[in-house]
Structure formats: C-alpha cells, structure tokens
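>>> I would like the atomic coordinates for the input below:
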Amino acid sequence: MGEQEDVVAELMKLPSVSEKCCIGMYLLGIRSVEDLKDKNPDEMYAALQQRTDFYAEPCMHTMLKIAVGMAKKGIVKE
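Down below sits the predicted model:
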C-alpha cells in the first residue's frame, strides 16, 4: 500500500467517518489521528470546499466534527 492508502486506513479507525472524508483529511495534510486533535473542523471543511479536485458533501462537515471529537477523546476502532 502507498502512503495515502495507509493514512486513510488509519483515519478510518475513527468511528462514523467515511473513506471519502478520510481522503479529504489526507488532502489537507492530516497524516494521523493525532494530527486531528488541534484542528478546526469548520476550517477543514471550508478548505475542502475550495479544492477543485475534491467535492465535499454537506454531510462531510458533520463527519469532520466527529473525527476531531473522537481524536481528542482518543476513541478509535481497533
């Protein structure tokens, strides 16, 4: 597997977060669950909406909030 696939697989350990959302986080430079702990989901969603190579559905905003919250709490699926 390549770096993107490895990172997406790691990020998908966050409950209720889709593969596409994890790809979006990868495109924003997120490389681990730890990287999410100090991120602002509103800013992340706005940055994804500005990209021309990625479509951020409205529900992705909610998934980013969940991802950041789970990362802060240390909740991941094994």
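>>> pull the distance from the lengthiest helix in the chain to the chain's centre.
In the chain, with assignment by DSSP state H, the single longest helix is helix 58-73. The offset between the C-alpha centroid of helix 58-73 and the centroid of the whole chain comes to 7 Å, using C-alpha atoms, centre = their mean, to the nearest Å.
>>> what comes up buried for that helix?
Using 16 or more other C-beta atoms under 10 Å as the burial criterion, the residues of helix 58-73 that qualify are Met60, His61, Met63, Leu64, Ile66, Ala67, Val68, Met70, Ala71. (Glycine included, C-beta is placed from N, CA and C.)
>>> between those, which is nearest Ser16?
Distances from the buried residues of helix 58-73 to Ser16 were compared by C-beta to C-beta; the smallest belongs to Ile66, at 5.1 Å.
>>> let me see the contact set for that closest one.
Leu14, Pro15, Ser16, Val17 (C-beta atoms under 8 Å, 6 or more residues apart in numbering).
>>> how about Gly24?
By C-beta under 8 Å, 6+ apart, Gly24 lies in contact with Met44, Leu48, Phe54, Ala56, Met60, Leu64.
>>> try 10 Å this time
Contact analysis of Gly24 by C-beta atoms under 10 Å, 6 or more residues apart in numbering lists 8, 11, 18, 30, 44-45, 47-48, 51, 54-57, 60, 63-64, 67.
>>> out of those, which sit inside helices?
Counting by DSSP H, the contacts of Gly24 contribute Val8, Leu11, Met44, Tyr45, Ala47, Leu48, Met60, Met63, Leu64, Ala67 to helices.
>>> format these as TSV; extra columns: distance to Gly2 and pLDDT.
What follows is the ones in helices among the contacts of Gly24, written out as TSV (distance: C-beta to C-beta, whole Å; pLDDT from 0 to 100):
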residue	distance to Gly2	pLDDT
Val8	10	97
Leu11	14	96
Met44	22	98
Tyr45	26	98
Ala47	23	98
Leu48	21	98
Met60	23	96
Met63	23	96
Leu64	23	97
Ala67	21	96
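>>> in stretch 18-32, what's buried?
For stretch 18-32, the buried set under the neighbour-count rule, 16+ other C-beta under 10 Å, comprises Lys20, Cys21, Cys22, Ile23, Gly24, Met25, Tyr26, Leu28, Ile30.
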